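Visitor: Need coordinates for the below:
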Amino acid sequence: MKRYIRRYIRTNTNLSQGSYLLARDGDILETMVHAPSTTFLDRGIYHLVPTDAEFLLRIGKITEDDAYVVLTYCFSEYLLNEQNADPGTTASIIDVTNFNSYAEMRYAPTVRGMLMKHTNDFKAGVDDKTQAHFNRLNNKWYKYLKNNFVKVSVFNNVVEFRISSEDDFDWNSVIIDYGILANDISENSSTKYTIARESSKGYKIYFLNATINDILESDNVILSSTCFNRKVVASNLVYEKR
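Guide: Coordinates of the predicted model:
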């Protein structure tokens, strides 16, 4: 069974750029793209998608049959909502190509293989059995992804933590002890940290470009009730008021 590589963030001026997931036990898992998908969240889609299925498959939480159900459901939804296809319409080669880009399948190689192998099997609309199977998976694992991981991104000298849990778990010690203090290897680190909460309403910021001392001393804390939009511009992380 393949697993993501455990990898620590090197928080100094020579940062290892990339995406990670910080688990409740303090493990930091390197990942190709965050789960649950931020791209789909920004589109107003709040359920499992192919890149989520890829991550769950790799950590041994679901089977390949489960992953195929997620793919089938999401492709059907894409045809119905994005292409305005009539129920029962079979996907074309162009639909497959466009969905491949739309669903960021380059970050889901195993699920992408299923897409290419079963190109002629995808239609707009799913049967009751597939719908029920997807609902079971989504009810269990979408909440799991939101509650059990913090999304971590490294941009230049900024490390960002995004919390999405809804079960009142206190992430403070996990983020500070395992995400920051255990991995900041420079006594005079120039690394800045952003800690935010992600939801369908936007992003609420707790710390914005703060130093370790800012966080430990609770100085310059932004406990904002304002929701922000999050953008990455020229590899720089930017939060803008809505």
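
Visitor: What are the boundaries of the strands in the chain?
Guide: 18-23, 28-31, 149-155, 158-163, 192-199, 202-210, 228-233, 236-241 (DSSP state E).

Visitor: Let me see the contact set for E198.
Guide: With C-beta atoms under 8 Å, 6 or more residues apart in numbering as the criterion, the residues that contact E198 are T38, L41, K151, R162, I163, S164. All C-beta atoms are positioned from the backbone trio N, CA, C, and that covers glycine.

Visitor: now Q17
Guide: Going by C-beta under 8 Å, 6+ apart, Q17 touches V154, F155, N156, S235.

Visitor: just E77 next, same as before
Guide: Neighbour list for E77: I45 [criterion: C-beta under 8 Å, 6+ apart].

Visitor: Kindly report the same for V69.
Guide: V69 makes contact with T130, H133, F134, L137, according to C-beta under 8 Å, 6+ apart.

Visitor: Of the residues you listed, keep whichever come out buried.
Guide: The neighbour count (16 or more other C-beta atoms under 10 Å) marks H133, F134, L137 as buried among the contacts of V69.

Visitor: Enumerate every residue touching the last one.
Guide: It refers to L137. The contact partners of L137, taken as C-beta under 8 Å, 6+ apart, are L48, I62, D66, V69, V70.

Visitor: now with 10 Å?
Guide: For L137, the residues meeting the contact criterion (C-beta atoms under 10 Å, 6 or more residues apart in numbering) are H47, L48, D52, A53, L56, K61, I62, D66, A67, V69, V70, Y73.
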